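K.L.:
one predicted model, sequence on top.
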Amino acid sequence: MVEDRLLDDVGYTPNAKVNFISLGYLQMTGRYQLTGSPDQHTAKLSKPDTVLKFDMHENIYRLRTEHVPGDMVMAALKHDMGSKKQMELLHQRFGHAFIHTVKRLAHKFHVGVTLNAKGLTSYECVACAEAKAKRMTHVRIQKRDSKPLQVLMLAICSIRPATTGGCSMFLFVVDEATRFKWAFLIPNKGEATFLLMNRLRTQLREYKVERLWGDQGGDF
């Protein structure tokens, strides 16, 4: 069965070897229901009269299609980008930055396309709206400690490329009571414990640390 499917806001690249379609976009615009096999190697988008089957190959879900000559026509209209489309392009190019930030950057920098920075129109980004709508993983803490350094939250983050001094990581420390933050460059994870204990012993001796919170990554 051949039927018309019109997808808005689709970018067409003539030289692309494959066509990329967002599963989330099809769910929101086409009202499909997404299901998957127990081994996660097959995904299906279904509705009462249509089922699309995607098989994973090289970590990409692929939809196999057959060419139907004479019955199926694909067309793309080329036109000048409007202010809303320009804002969408810049918003994505700047890593989904805030709309007012995009407007400010468009005035200062050449972004690779000809546009009227003063005429940019705000629009609602689907990806940003979905991210903001997600629930918090953990419930909010009802009571927070009030004594400085009573509870410290720790994390070790990687740096790429390494600094000129050879440090490829940094230790990030947050005080739960004051929300004061420290960041210390370290060459490896093994230096984190010594650096933290030495700093508490030499510069913060008047405070008593009762608990340390981490991400259970085995760093401490």
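P.N.:
Here it is on my side, so go on.
K.L.:
hey, let's count contacts and neighbours off CA atoms from now on
P.N.:
Fine.
K.L.:
domain map for this protein?
P.N.:
By the assignment in automatic domain parsing, the chain contains the domains 1-78, 83-133, 151-213.
K.L.:
could I get the ones you listed as CSV with mean pLDDT and mean neighbour count?
P.N.:
What follows is the domains of the chain, written out as CSV (pLDDT from 0 to 100; neighbours: other CA atoms under 10 Å):
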stretch, mean pLDDT, mean neighbour count
domain 1-78, 70, 11
domain 83-133, 71, 14
domain 151-213, 87, 14
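K.L.:
hey, C-alpha coordinates of the helix ranked longest in the chain in PDB?
P.N.:
In the chain, with assignment by DSSP state H, the single longest helix is helix 190-202. What follows is helix 190-202 as a C-alpha-only set of coordinates in PDB (Å, rounded to 0.1, in the frame of the first residue of the first chain):
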ATOM      1  CA  GLY A 190      45.000   8.300  42.100                       C
ATOM      2  CA  GLU A 191      45.900  11.900  43.000                       C
ATOM      3  CA  ALA A 192      42.300  13.000  43.900                       C
ATOM      4  CA  THR A 193      42.200  11.500  47.400                       C
ATOM      5  CA  PHE A 194      45.600  12.900  48.400                       C
ATOM      6  CA  LEU A 195      44.800  16.300  47.000                       C
ATOM      7  CA  LEU A 196      41.500  16.500  48.800                       C
ATOM      8  CA  MET A 197      42.800  15.300  52.200                       C
ATOM      9  CA  ASN A 198      45.800  17.600  52.000                       C
ATOM     10  CA  ARG A 199      43.600  20.600  51.300                       C
ATOM     11  CA  LEU A 200      41.300  19.800  54.200                       C
ATOM     12  CA  ARG A 201      44.200  19.200  56.500                       C
ATOM     13  CA  THR A 202      46.200  22.300  55.700                       C
END
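K.L.:
so what are the sheet partners of whichever helix or strand comes after that helix and their directions?
P.N.:
Using DSSP states H and E, the helix or strand that follows helix 190-202 in sequence is strand 211-213. Counting by DSSP bridges, the strands paired with strand 211-213 are strand 151-158 (parallel).
K.L.:
what residues does the strand it pairs with touch?
P.N.:
145, 168-177, 189, 209-215, 219 (CA atoms under 8 Å, 6 or more residues apart in numbering).
K.L.:
C-terminal to that strand, what's the next element?
P.N.:
Later in the chain than strand 151-158, the nearest helix or strand by DSSP H and E is strand 169-175.
K.L.:
which helices and strands sit right next to the helix or strand following that next one?
P.N.:
Where DSSP H and E defines the elements, the next helix or strand beyond strand 169-175 is strand 181-186. In terms of contacts (3 or more CA pairs under 8 Å, 6 or more residues apart in numbering; DSSP states H and E), strand 181-186 is packed against strand 169-175.
K.L.:
name the helices or strands packed onto the strand it packs on?
P.N.:
Counting by 3+ CA pairs under 8 Å, 6+ apart, strand 169-175 packs on strand 151-158, strand 181-186.
K.L.:
now render those as JSON lines, adding distance to Pro38.
P.N.:
Shown next, in JSON lines, are the helices and strands packed on strand 169-175 (distance: least, CA to CA, whole Å):
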{"stretch": "strand 151-158", "distance to Pro38": "33"}
{"stretch": "strand 181-186", "distance to Pro38": "42"}
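K.L.:
the host helix or strand of Leu45 pairs with which strands, parallel or anti?
P.N.:
For Leu45, the host element (DSSP H and E) is strand 42-47. Strand 42-47 sits in its sheet next to strand 33-36 (antiparallel), strand 50-57 (antiparallel), going by DSSP bridges.
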